[in-house]
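A.B. asks: model the following, please.
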Amino acid sequence: MTDPVADMIIRLKNANVVYKPYVDVPWSKFKENILRVLKEEQYIKDWEVIGEKNKKIMRVHLLYVGKKPAILKVKRESKPGRRLYISAEDLKKKKQDSGIAVLTTSKGVMSNRKARELQIGGEILFYIW
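C.D. replies: Below is the predicted model:
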């Protein structure tokens, strides 16, 4: 697999569209940090790590607001073949503050809201709303 982050976010979106209660994703520490941001921003309920040392998976429990899924769309920005970076000055609101951008910065993985507060830029991984 060449882009595990894209695989994870598409699994989340697809499972959310068909109202699954949870989805399983292969484990990595980086993906776990992304899920932490999504939980803080209330796009997922929670996640748990299941399995042994070599065969860990993350079970992500999806969030629904009423009868609507919390994740409506995702858009992958930075890809393995084309990295996209943004400065602190260029961080702008996306979709009138209804969605967020997930960034990887020198201080870790965070949302664009938190990066604006800390006045740091980084690599835009994806937009979610």
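
A.B. asks: what about the closest residue in space to residue 70 that isn't next to it in sequence, neighbour count?
C.D. replies: Excluding the flanking residues, the one nearest residue 70 by C-beta to C-beta, 6 or more residues apart in numbering is residue 63, at 4.1 Å. For the C-beta atoms, the positions are set from N, CA and C on the backbone; glycine is no exception. The tally of other residues near residue 63 (other C-beta atoms under 10 Å) stands at 16.

A.B. asks: same thing with residue 48?
C.D. replies: Neighbours around residue 48, by other C-beta under 10 Å: 10.

A.B. asks: the protein: strands as residue ranges?
C.D. replies: For the chain, applying DSSP state E gives strands covering 22-26, 44-50, 57-62, 64-65, 68-69, 74-76, 85-86, 100-105, 108-111, 122-128.

A.B. asks: so which of the ones you listed is the most packed in?
C.D. replies: By mean neighbour count, with neighbours taken as mean count of other C-beta atoms under 10 Å, strand 100-105 ranks first of those at a mean of 22.

A.B. asks: what are the bridge partners for the nearest residue to residue 46 once chain neighbours are set aside, then?
C.D. replies: Spatially, and ignoring its direct neighbours in sequence, residue 46 is nearest to residue 61 (5.0 Å; C-beta to C-beta, 6+ apart). Note on residue 61: beta-bridge partners by DSSP bridges are residue 22, residue 46.
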